[in-house]
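J.: Only the shape, not the letters, is given here:
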């Protein structure tokens, strides 16, 4: 069975400082992993995805994530936070069989302090 | 942005009334999904469709039904709305799935439903 644990429900950083959003996953198969972002009152936008190619994945807006199988982790990072990064972030695991159903973490709300 | 629209975008209804939400796509993707989003739960899958007239249940399907008579439209019906179904509902689409591969899903803008 697939599941995702986002270790922090809320992260607060100052503008210009690094961002780290933590995610651990559980999967019976070799997983596909995603990070989605949701700005207030908006839909979800794909930030990046891991599908068993390179373990370091680069996404949009300067975000990247590293797949670590030994730690079952897929943490999201960004070197320097921008005010526009303030949003809710979801770590997601996908089964690679059946209907490609996604399993969402409960989300991490990122606040950026000016 | 992927061509996904949802209607209505906001709805207030009374307990016990039926409600239908519509998802429309212009991408000709085979797979369509309905999720609900609630605080502290992330998104949870209600139902999904893998083709016209082909649907299956997700994690939280009780009290919901779906229909897909055309590739581009996926309807979610609350047969008798309850206050516990107050939520934000998202539709998503995905390309055809191949064994061993995984495709991202693209999400619509959401429908905020309030059941009073």
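T.: Cool, got the structure. Every value quoted in this text rests on a predicted model; they were computed, and no experiment measured them.

J.: going forward, measure contacts between C-alpha atoms and count neighbours the same way
T.: Noted.

J.: how much space between residue A:71 and chain B?
T.: 22 Å (CA to the nearest CA, to the nearest Å).

J.: Ok, residue A:14 next?
T.: 25 Å.

J.: do residue A:42 as well
T.: For residue A:42, the distance to chain B - CA to the nearest CA - is 6 Å.

J.: helix/strand/coil for that residue?
T.: coil (DSSP: H, G, I helix; E, B strand; the rest coil).

J.: So which elements touch the helix or strand of chain A with the lowest mean pLDDT?
T.: In chain A, no helix or strand scores lower on mean pLDDT, DSSP states H and E than strand A:102-104, which sits at a mean of 89. Secondary-structure packing of strand A:102-104 (3 or more CA pairs under 8 Å, 6 or more residues apart in numbering or on different chains; DSSP states H and E): strand A:3-6, strand A:87-94, strand B:42-51.

J.: what's the nearest residue to the residue nearest the centre of chain A if we skip its chain neighbours?
T.: The residue lying closest to the centre of chain A (CA atoms, centre = their mean) is residue A:35, at 3.4 Å. Distances taken as CA to CA, 6 or more residues apart in numbering or on different chains put residue A:91 closest to residue A:35, at 4.7 Å, once the chain neighbours are dropped.

J.: residues contacting the one you found?
T.: By CA atoms under 8 Å, 6 or more residues apart in numbering or on different chains, the contact list for residue A:91 reads A:4, A:6, A:23, A:33, A:34, A:35, A:36, A:104, A:105, A:107.

J.: Check which element follows the least confident helix or strand of chain A along the chain.
T.: Sequence-wise, the next helix or strand downstream of strand A:102-104 (DSSP states H and E) is strand A:108-113.

J.: is that following strand up against chain B anywhere?
T.: No. Contact of strand A:108-113 with chain B (CA under 8 Å from any CA of the partner chain) is absent, the minimum separation being 9.6 Å.

J.: Could you tell me the angle between that strand and strand A:87-94?
T.: 150 degrees (axes from the mean of the first three to the mean of the last three CA atoms, to 10 degrees).

J.: In the contacts of residue A:91, which residue is surrounded by the most others?
T.: Ranked by the number of neighbours (other CA atoms under 10 Å in any protein chain shown), the contacts of residue A:91 place residue A:107 first, at 29 neighbours.
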